[in-house]
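# Using only what follows, build the 3D model:
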Amino acid sequence: MVPNCALVWADEFTGTSVDTTKWEFMIGNGSAYGIPGWGNNELQYYTNTNATVANGELTITAKQQSLGGLNYTSSRLRTLGRGDWTYGRFEMRAKLPSGQGIWPAFWMLSSAPNYGGWAASGEIDIMESKGQNPTKIYNTLHYGGQYPANTSSGSGTFLPAGTAGNYHEYAVEWQNGEIRWYVDDQLVSTQNNWYSTAAPFPAPFDVNFHLLLNLAVGGNFVGAPNGSTVFPQNYVVDYVRVYELPADPPPARLIFDDMEHGNPLGNNWFQFNGSVGGGGIDPNFSDLAPSDGGFASLQTGWGGSSAGFFGGFGRNKALDLTGMTHFSFWIRPDAGQNYSLEFNIQDDDNGDGAITNPADDEFQYRCQVGPSGPCAISGGGWQRVTVPLSAFVPDNSFVFGGNDVLDTKPVSEGGNGQMATMVVAVIGNSSGNVTFRTDYWTFENLADTDGDGVLQYLDNCTQHANLSQVDSDNDGFGNRCDGDMNNNGAVNGQDTVLFRQQLGQPSTPPTYNSADLNANGAVNAQDTALYRQLLGQPPGPSGFAP
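Below you'll find the model as predicted:
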């Protein structure tokens, strides 16, 4: 979770009925809202009586009960007009029901059709579960154009066996250009690659959305109940909370492709044959990476009559790599094969959106795959390969212009170019086949300036090695370099005033710079550390804080 977030909305369900200043009941079979069957051929009639509040819990109950020409009843609530937000952390703690055809959900919809009808204006599914397999949690985005020109992407994660009926916390952190899913505060999925047919990225996920809670019976996603399904079914919610987040996400990871689309050639991937062979790429829905594998991987197959260039594949995708230090990917090479994969970052130096000579350039990393690697071991199962961007060297064999510098920022933003395309050439070291699966290609910020093994973007103390990351006052500053004496979330002159008081000095220095003990032109944690040394105390949470 992003630290130091302000709580801006919550329902702890401490009353005796649903708080209708926060939630609106949606009633009926969907026809009154222009979506009969709620758009999914659902089998329940929603009422305002199937949701109750008692003992600090909201319980939505699905019953086998005839109403409105349907055989089941349940409840659906939304915060539209009562709680609408652009960006934030949205979390719920809940117990999920189980049974064939039972479909609990915690999700978000756009509060206005800014980009068109569903799903052009977007949908964020924070948590969906199929009652017949309640341990699997689905995290999905819906976007693109208006139905049927819409698409979706997402992944699934599994609860510990037998615990779906226990309380778990489900959350998303939604920031500009990135949405992250958490279960029990563990990151399970990240998406930063979607599109809108009506506006540039990050549309449609850049406008107000509202929350929905519902328990559906039947529908396209789960199928109908059967004789094994027990009624009533209860979806029990302990709380729903909304936190304010900074607008922009931390520069930790950019996803080049997570392969979840299951349609590479329809998502800007391409393939080509080589001088001594050929092949191609396809989706694979069963052989998946052990982490971030989701529902699909990329499958490749190549063959050649002799050693040499078998062919290759790649994807057109412009990315600003500012702050990124490494390229990572999953690969599962089949046994008994020996080949090289030449990963080529093509750099758009002139900012025209295309790779051309002599304006642009290319940088290559060669990954040797074989029985002993060293990049990846054939027959070694799924392997995560992480390569420093500094290992990509200029390659003038195909793209030979540019400035021979791997640029990161686009020309339009004052930089000198950015990555426009990644191309992989398959080089066989002998005749035969080259076959492997690959998944979840990312660029990552793996910088660790203090060398303590904690990545800088996660480190709560970057000035000193601080592997424990202990933060006793929970203010976002690790004990090792916490200079925030008044615990207000900032280290500034107010903190040095507290130190001066403890030293018996005037609380208001004659000039601000008099608090700059090391005379480096800034008042920060380095100065408060010096104060602590004068007091005979190590850096850490302040005992002076009021």
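
# what's near enough to touch residue 234?
With contacts defined as C-beta atoms under 8 Å, 6 or more residues apart in numbering, residue 234 is in contact with 59-62, 95, 97. In this view, the C-beta of every residue, glycine as well, is placed from N, C-alpha and C.

# Give the bridge partners for it, please.
With beta bridges defined as DSSP bridges, residue 234 has these partners: residue 61.

# now swap in residue 213 and tell me
Assessed by DSSP bridges, residue 213 has beta-bridge partners residue 77, residue 106.

# Quick check, it in contact with residue 236.
No. At 11.2 Å, residue 213 does not count as touching residue 236 under the criterion of C-beta atoms under 8 Å.

# list the contacts for residue 386?
326-328, 444, 446.

# with those residues in mind, which one is nearest to residue 394?
residue 327 (16.0 Å; C-beta to C-beta).

# Now do the SS call for that closest one.
strand (DSSP: H, G, I helix; E, B strand; the rest coil).

# For residue 39, grab the count of nearby residues.
15 (other C-beta atoms under 10 Å).

# is it true that it touches residue 118?
Yes. At 7.0 Å, residue 39 counts as touching residue 118 under the criterion of C-beta under 8 Å.

# Now do the contacts for the residue most central in space within the chain.
The residue lying closest to the centre of the chain (C-alpha atoms, centre = their mean) is residue 190, at 1.7 Å. If a contact means C-beta under 8 Å, 6+ apart, then residue 190 has 178-181, 253, 255 as its contacts.

# in the sheet, who's paired with it?
residue 180.

# Next one: it from residue 173, what distance?
Distance, residue 190 to residue 173, by C-beta to C-beta, to the nearest Å: 9 Å.

# Give me the common contacts of the two.
When contacts are counted by C-beta under 8 Å, 6+ apart, residue 190 and residue 173 are jointly contacted by 179-180.

# per-residue pLDDT, the residue lying closest to residue 218 once chain neighbours are set aside?
Nearest non-adjacent residue to residue 218, counting by C-beta to C-beta, 6 or more residues apart in numbering: residue 43, 3.4 Å away. Listed pLDDT for residue 43 reads 98.

# what's around residue 43, how many residues?
20.

# same thing with residue 291?
Around residue 291 there are 11 residues (other C-beta under 10 Å).

# could you check the distance from it over to residue 381?
In terms of C-beta to C-beta, residue 291 sits 13 Å off from residue 381.

# same thing with residue 166?
Residue 166 is 32 Å from residue 381, where distance means C-beta to C-beta.

# my guess is residue 61 meets residue 74, correct?
Yes. Residue 61 is in contact with residue 74 according to C-beta under 8 Å; the separation is 7.0 Å.

# between the two, which one's more packed in?
Neighbours per residue, other C-beta under 10 Å: of residue 61 and residue 74, the larger number sits with residue 74, 27 against 20.

# Just the pLDDT at that one, thanks.
Looking at residue 74, its pLDDT stands at 98.

# thinking it is in contact with residue 64, fair?
No. Using C-beta under 8 Å, residue 74 is not in contact with residue 64; the gap is 10.6 Å.

# gap between the two ends of stretch 306-326?
Start-to-end span of stretch 306-326 (C-alpha to C-alpha, to the nearest Å) is 33 Å.

# With stretch 17-29 instead?
23 Å.

# for stretch 288-302, same thing?
This stretch, stretch 288-302, spans 20 Å end to end (C-alpha to C-alpha).

# Quick one: distance of it to the chain centre.
Centroid displacement of stretch 288-302 relative to its chain, using C-alpha atoms, centre = their mean, to the nearest Å, is 18 Å.

# what does that stretch contact?
By C-beta under 8 Å, 6+ apart, stretch 288-302 touches 154-156, 189, 257-262, 264, 269, 277-285, 287, 310-311, 313, 330, 332, 382, 384, 426, 428, 433-440.

# Tell me which of residue 213 and residue 236 has more neighbours.
residue 213 (24 against 19).

# tell me the contacts of that one?
Residue 213 makes contact with 23, 58, 60, 76-78, 92, 105-106, 235, 237, 240 under the criterion C-beta under 8 Å, 6+ apart.
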